[in-house]
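Visitor: Fold the following, please.
(3 chains)
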Amino acid sequence: MSQSKPVTPQSHVVLVDGSGYIFRAFHALPPLTRKRDGLPIGAVAGFSNMLFKMLKDQKDESRPTHFAVIFDASGQTFRNDIYDLYKANRGEPPEDLVPQFPLTRDASRAFGAPAVEMTGFEADDLIATYARQAEALGARVTIISSDKDLMQLVSDRVSMLDPMKNKTIGPKEVEEKFGVSPDKVIDVQSLAGDSVDNVPGVPGIGVKTAALLLDQYGDLETLLERAGEIPQKGRREKLLEHADMARVSKKLVTLKCDVDVDPVLEDLGVTDPDVEQLFDFLEEMGFRTLTARVRQALGEGVTDGIRADDTKVEVASPATRDRYPNTVFDHTKYECVQSADRLAHWIARAFETGVVAVDLETDSLDSRAANMVGVCLAVEDNEACYVPLAHTGGGDLLGDGAPEQMDMDRALEMLAPLLHDASVLKVGQNFKYDLGVFKRYDLNPTPYDDTMLISYALHNGINGHGMDTLSETHFAHSPVPFKEIAGTGKNQKTFDQIGLEEATRYAAEDADVTLRLWKYLKPKLATSQVTRVYEAIDRDMPHVVAKMENEGIKVDRAELARLSSYFSQKMAGLEAEAHEIAEGPFNLGSPKQVGEILFDKMGLEGGKKTKTGAWQTGVDILEDLADNGEPLPRTILNWRQFSKLKSTYTDALQAQINPETERVHTSFSLAATTTGRLSSSDPNLQNIPIRTEEGRKIRDAFIAEAGHVLVAADYSQIELRLLAHMADLPTMKQAFADGVDIHALTASEMFGVKLADMTPDIRRQAKAINFGIIYGISAFGLAKNTGVDRGTAAEFIKTYFEKFPGIRAYMDATKAEAKERGYVSTLFGRKCHIAGIRERNPQRRAFAERQAINAPIQGTAADIMRRAMIKMPDAIASVEGARMLLQVHDELVFEVPEDRADALISTVKTTMEHAHEPAITLSVPIDVEAQAATNWNDAH
DNA sequence: GACATCACG
DNA sequence: GACGTACGTGATGTCG
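Guide: The predicted structure follows:
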């Protein structure tokens, strides 16, 4: 904290008006909230930034020697004894500001600045006391404030700094504002009063008049004594009448300079902040940018130190290193490796350190199309190399011809022992990609860590997990952008065309960043208690999923082409029909034109506008119109369905067939969702149509090789089963144990209908309610989904809560947990951070609460699926020729020789149904349904 | 690049 | 009393 240090004429005392600052910051800055939970922290953020700036940016000669942040103590002050209405017109502070008061004090302490407050005194009095004392000792004083009440303190040695405008206020500026020198400011204020502080002053006299009068009569007392001499009648009478008010006002505005301050001035000596404590605070607040900046500032300080006195700096302890990563990147130390000798050196270094970041450079983002172009290794901060292996350009000054580089086979032969050595950990960022490429060169790096997945286990829902984001978030360092070395647009170079110098600068840095991320993030897994999630679930996903992606799935191109033309025909017919009804052509694909036709031209009722002011033409609206007997909306909806099916599926999928494998290879993202689910893209094979008959036809085109079948295995009602377990719903658990139709059971419980008398319609409503509960139900949402009115929906929910006590408790407990911790957890301990859970805006908070209710359920199901997937390669090894191809959240798709389908089904079913064991025990059975067929449609 | 829409679990 | 609402994704077409 601070230390005792004498105040001398060389001293610079900086006094921050903490209370004044936060009120101003609160109103001036955008209403920032902590991402994790919505806690309002705008003023604290502004305050922390300001403190950092004060302590860091000050040039050497103005760097503070003494520093304190001064706050108003709550409660009455001596001024209320003088004038009971003092500051009486102040309302309560804004609700969003209140929780920030204590946090601001925490911020002060975190930055090593004592937070001073004393009961009975305002911050201004304490500032005045310190300032006058320091001034008397010949020191310079800077008051960080824009409060005009403090301007009376300004002198040759005392100046003010407006922190928001970054404007210095000296005697000149004070005179501009008050029309008098700083020593007369009190007198001006006594006369003019202050509506903000409720200082009365003399009615009718403002700052201008006061300055004029004081100029003529010298000071307040003289003026009041000689008031009778004033020629202007109005001023004269006011002054005579309110002379006492002016005297009282003077007592109010005069700052007390003789407070018996604690701590004393000398004890405000500046020391370096406790780094550990500072980072704890910044992390707690979620100030990522500031954290990174502080780190960088500290980092620069260290390097400067090394260079300045050329002495070796003591190596930081592991604990300090974790908090205090090296964020200085020095590209000059990267090496381009062009010989076996040098490669051997780097491999030896990796064996020494036992940890090596590995990053591949290729000529394509698609790991199946990608050819290896080079390999990078990083073994220590700034100690990284790039090994070009297949560069075709950049060899000479014109950028033509292949440069000197190692023979690829030779290099890979040398690298293989390192990549496969059990004692050397390979670290990658999104290692699934690299694994996919390595695989095609018969390399299988192991063991490995993936910094993207470490970040995901730690911070899902808080920040992204791409390398650039992570580097910026944790190191305030933006890696060289790919565009910078490759260019953009159609002239963008592929990596093999980039010159070696540029390539090394970019590639080695990626490996360097990756290694540093690993050093920084890996230890946090343990402190955040997510080691098990990472090690027992996520870390094994890359090689399993890379394999699935490599397998791909066979798609019947001719079938898709047939469907495309079928959909085209349908669309053409519907388009003609629509134009005829609308009595004119328009673009059915333009929601804007559709809205204008329906609501402006045809004047249909029931139109709603989107937030951008356009007509809403979504399914719900058009369905309603169609139900009212309008023909056009139905036509448009039908056209849209075919348009969607054609453009998104039958056309796009044909284009996605890999010419080499003749199969479609999706890319699964392992770190995209907030719940632990995977996502699929390029193409997305997790949203292939199934709900409508026309759409399902697309699944006919997903087929098995000749002599093989597809096996689709689905978890049955897994989320509802998990809800029954987690919320402890005995009736529902029993139903699952008995294997009865769960939606029918729900309907029977709720509506008192016997299972034997169940109708499809009643069951459908119960099903919608079951889903609704999982989603964090609202009467509105349920009504919209079931078609009943809102009142009825509300009744349904009420009944549900009565019939399944436990639901209410689960929801309340989950919301409370989310609010308290900022995250909720799955049964396996995966944390799902809920942004906005402490938002004051009721809509946004309600949204966060629904996420909080859903996340443990969806997330636990996702965890179980991940575990099934990582167990699957071993499990199906006994079934020759069986391959796992796709995952669709609660479904796995396999391909297997026809005669082994039964064996596979039995193995897969067992593996999936017990995937959660032994990590957790469930009070409901898990059930998997699996079927084989030659195409994906029939496998359901 | 934002927005609206719609495909899936 | 009004407001806007089911949870999680990705791809496509318009339009500015």
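
Visitor: If I look at the residue in the stretch 701-850 of chain A that DNA strand B sits nearest to, what pLDDT would I see?
Guide: Relative to DNA strand B, the nearest point of the stretch 701-850 of chain A is A:D714 (7.2 Å; Cβ to the nearest atom of the strand). Glycine gets a C-beta too; all of them are placed from N, C-alpha and C. For A:D714, the model assigns a pLDDT of 97.

Visitor: On the three-state scheme, it is what?
Guide: In three-state terms, and counting by DSSP: H, G, I helix; E, B strand; the rest coil, A:D714 is strand.

Visitor: Surely it and A:E929 touch.
Guide: Yes: in this structure A:D714 lies within contact range of A:E929 using Cβ atoms under 8 Å: 5.3 Å.

Visitor: more crowded one of those two?
Guide: A count of neighbours by other Cβ atoms under 10 Å puts A:D714 above the other of A:D714 and A:E929, at 20 against 13.

Visitor: show me the contacts for that one.
Guide: A:D714 is in contact with A:890-891, A:928-930, A:940, counting by Cβ atoms under 8 Å, 6 or more residues apart in numbering.

Visitor: Give the buried residues for stretch A:844-863.
Guide: For stretch A:844-863, a neighbour-count test (16 or more other Cβ atoms under 10 Å) marks A:845, A:847-863 as buried.

Visitor: Next one: A:N463 relative to A:G286, how far apart?
Guide: A:N463 sits 10 Å away from A:G286, taking Cβ to Cβ, to the nearest Å as the criterion.

Visitor: Name the residues contacting each of these two.
Guide: Joint contacts of A:N463 and A:G286 (Cβ under 8 Å, 6+ apart) do not exist.

Visitor: pLDDT at the residue in chain A positioned nearest to DNA strand C, what is it?
Guide: Nearest residue of chain A to DNA strand C, counting by Cβ to the nearest atom of the strand: A:G772, 2.2 Å away. pLDDT, A:G772: 93.

Visitor: And what about the closest residue to it other than its chain neighbours, helix, strand or coil?
Guide: Leaving aside its chain neighbours, A:G772 sits nearest to A:L782 (4.8 Å; criterion: Cβ to Cβ, 6 or more residues apart in numbering). At A:L782 the chain is in helix, as set by three-state DSSP.

Visitor: Repeat that for A:N684.
Guide: Per three-state DSSP, A:N684 ends up coil.

Visitor: For it, what are phi and psi?
Guide: Torsion angles at A:N684 (phi, psi; degrees, to the nearest 10) stand at phi -80, psi 110.

Visitor: Any stretches of chain A with poor pLDDT?
Guide: Residue ranges of chain A with pLDDT under 70: A:1, A:57-60, A:75, A:88-91, A:195, A:299-325, A:394-400.

Visitor: Residues of it that sit close to DNA strand B?
Guide: Contact residues, chain A versus DNA strand B (Cβ under 7 Å from any atom of the strand): A:591, A:595, A:610-612, A:614-619, A:622, A:637, A:640-641, A:644-645, A:648, A:686-692, A:695, A:858, A:888-891.

Visitor: now with 6 Å?
Guide: A:591, A:610-612, A:614, A:616-619, A:637, A:640-641, A:644, A:686-692, A:695, A:888-891 (Cβ under 6 Å from any atom of the strand).

Visitor: check the residues you listed against DNA strand C, which are close?
Guide: Among the residues of chain A next to DNA strand B, DNA strand C is touched by A:N687 when using Cβ under 6 Å from any atom of the strand.

Visitor: Can you verify A:P585 is assigned to a strand?
Guide: No: under three-state DSSP, A:P585 falls outside any strand and is assigned coil.

Visitor: Leaving out chain neighbours, which residue sits closest to it?
Guide: A:H579 (5.0 Å).

Visitor: The one you found should be in a helix, yeah?
Guide: Yes: under three-state DSSP, A:H579 falls within a helix.

Visitor: Look at A:P481 and say how many residues are nearby.
Guide: 11.
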